[in-house]
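1. dropping the sequence and predicted coords here.
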Amino acid sequence: MDSSEYPLMYSVEDAHWWYRGMASITCALLDTAFRRGGSLRILDAGCGTGAAMTSYLARYGRTWGIDVSAEALRFCRRRGALRLAQASAERLPFRPARFDLAVSFDVLYGAAVPSDLDAVREIRRVLAPGGRLLLRLPAYAWMRRSHDVVVRGARRYSRRQVETLLRDGGFRVERVTYANAVLLPAAILKKLGERLFPPDRPRSDLALDAGPFNGFLRRILAAEAPWIARFGLPFGLSVIGLGRAE
């Protein structure tokens, strides 16, 4: 990820509609497998500026975070995170079977991870038998746009690709679903607009201020959470996969 994204991410992560809505979806899925207030050992593989691990993930147990960026970890420390390491998801500095749950949110698609499968297998190594991995990745190769350039995204995924990634990585697939379905048409229109009127320079989606619509967009995205937890969605801007270590 471009280093300029980290200050922006840190400044918006607590309130931005996308992060808040995805937090609701993540918790709905985790609630199908774990109880809140437990003592899970949780790894955030690619923790970014740390909002997930210091807020809603902490409801399920103790969190550890790794990231390849020293700057990202500096922002994590501002949030009070202590259990941190500068490392790649492909080479984790932990002994086997250390964790009960691992999450990786929009990380394994990046150019900084040459092999997403190696990363998933390495995460499997540090999970205890029966431990779970929750992956979130951007959907559809044809949806690549300027945001992907800024964050240095190397690939986007279909549901079938995420299922294969989990199975080949040593997991039994429990759920793979799309998310952020309602806003897919708006994203397609934005992509078409970029083709017709190319921006002077690529811009991150985080730089777009939703203003008074922030709460409305958050509610739309969060409304998908119970449906995703129970049934899943057939399309959307993200793919989420939950696997259990075999």
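-> Received the coordinates, thanks.
2. the residue most central in space within the chain: what's it in contact with?
-> Closest to where the C-alpha atoms of the chain average out (Cα atoms, centre = their mean) is Phe105, at 1.5 Å. Residues counted as contacts of Phe105 (Cβ atoms under 8 Å, 6 or more residues apart in numbering) are 22, 26, 44, 46, 48, 52, 136. (C-beta placed from N, C-alpha, C; glycine too.)
3. so which of the residues you listed are in helices?
-> Counting by DSSP state H, the part of these found in helices is 22, 26, 52.
4. may I ask which of the residues you listed has the most neighbours?
-> Neighbour tally across the ones in helices among the contacts of Phe105 (other Cβ atoms under 10 Å): the maximum, 25 neighbours, falls on Met22.
5. list phi and psi for Tyr60.
-> Dihedral angles of Tyr60 (phi, psi; degrees, to the nearest 10) stand at phi -100, psi -10.
6. that one and Ile66: what is the separation?
-> The spacing between Tyr60 and Ile66, counted by Cβ to Cβ, to the nearest Å, is 18 Å.
7. now Arg218. Nearest residue, chain neighbours left out?
-> Nearest non-adjacent residue to Arg218, counting by Cβ to Cβ, 6 or more residues apart in numbering: Trp17, 3.9 Å away.
8. count the residues that sit near the closest residue to Arg36 other than its chain neighbours.
-> Spatial nearest neighbour of Arg36, chain neighbours left out: Arg59 (4.7 Å); criterion: Cβ to Cβ, 6+ apart. Around Arg59 there are 16 other residues, counting by other Cβ under 10 Å.
9. measure Arg59 to Arg83 for me?
-> Taking Cβ to Cβ as the measure, Arg59 falls 16 Å from Arg83.
10. tell me the one of the contacts of Phe105 nearest Ala186?
-> Ranked by distance to Ala186 (Cβ to Cβ), the contacts of Phe105 are led by Met22 at 16.4 Å.
11. surely that closest one is in contact with Arg218?
-> No: using Cβ atoms under 8 Å, Met22 is not in contact with Arg218, being 9.7 Å away.
12. would you map the helices across this protein?
-> For the chain, the helices defined by DSSP H occupy 5-12, 17-30, 51-54, 70-78, 116-125, 146-150, 159-168, 184-196, 214-222, 225-230.
13. out of those helices, which comes closest to Leu40?
-> Nearest of those (Cβ to Cβ): helix 17-30, 9.4 Å.
14. in PDB, list the C-alpha atoms belonging to that closest one.
-> Extracted C-alpha coordinates of helix 17-30, given in PDB (Å, rounded to 0.1, in the frame of the first residue of the first chain):
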ATOM      1  CA  TRP A  17     -19.200   4.200   6.600                       C
ATOM      2  CA  TRP A  18     -17.300   1.400   4.800                       C
ATOM      3  CA  TYR A  19     -15.200   0.400   7.900                       C
ATOM      4  CA  ARG A  20     -18.200   0.700  10.200                       C
ATOM      5  CA  GLY A  21     -20.500  -1.300   7.900                       C
ATOM      6  CA  MET A  22     -17.800  -4.000   7.400                       C
ATOM      7  CA  ALA A  23     -17.300  -4.200  11.200                       C
ATOM      8  CA  SER A  24     -21.000  -5.100  11.500                       C
ATOM      9  CA  ILE A  25     -20.700  -7.800   8.800                       C
ATOM     10  CA  THR A  26     -17.500  -9.200  10.400                       C
ATOM     11  CA  CYS A  27     -19.000  -9.500  13.800                       C
ATOM     12  CA  ALA A  28     -22.200 -11.100  12.400                       C
ATOM     13  CA  LEU A  29     -20.000 -13.800  10.800                       C
ATOM     14  CA  LEU A  30     -17.800 -14.300  13.900                       C
END
